[in-house]
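> Provided below for reference: sequence and predicted model.
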Amino acid sequence: MPLGDPKGGHFVYGERGLPKNIVSAYIPSRDPEKASRFYVEILGMAATHSSPDAVVLTREGMRLVLKKSDVVGVDTGIVFGVDSPFDLHRRLVDEGVVFTREPTRGPIGVQTSFRDDDGNVLHASDIGGQGIWD
């Protein structure tokens, strides 16, 4: 009996059940409640759930979970889609955010990278931008 076919009948594999999008991403944080202020006040996200060990943040269909961890300051690999990395850069510089990469043309368009309050690196790229591989 194939896994996923509890009645033992014939099962044809197709597109159904394959990944369609990323539902959420976890970001390590020493203090999720304190760290959530950066995401809410600076990035315009909304805190939709909070517990001592995690805070769920949402904005326009994306969901991030700040999860309590002793290991922080990692490259999250998260790339936010933005209309303009230059405008994001200008806005976040005004807020005192530390950047690890100025807006630069890269493989997936114009990209920039910055740190949250726990030192985790986040990235942003223009939506629909032309990258060096396009």
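Arrived safely. Numbers count the residues shown, from 1 in each chain.

> which ones are touching Ile42?
Leu92, Glu95, Val97 (C-beta atoms under 8 Å, 6 or more residues apart in numbering). The C-beta positions use only the backbone N, C-alpha and C, and glycine is treated the same way.

> ugh, wrong one, I meant Glu95
Ile42.

> low-scoring pLDDT stretches of this structure, where are they?
Applying pLDDT under 70 to the chain picks out residues 1-11, 128-134.

> I'd like the next helix or strand past the helix or strand where Leu57 lies.
Using DSSP states H and E, Leu57 maps to strand 54-59. Downstream of strand 54-59, the next assigned helix or strand under DSSP H and E is strand 62-68.

> quickly run through the sheet partners of whichever helix or strand Val110 is part of, with directions.
If you go by DSSP H and E, Val110 is part of strand 109-115. If you go by DSSP bridges, strand 109-115 pairs up with strand 99-106 (antiparallel), strand 121-126 (antiparallel).
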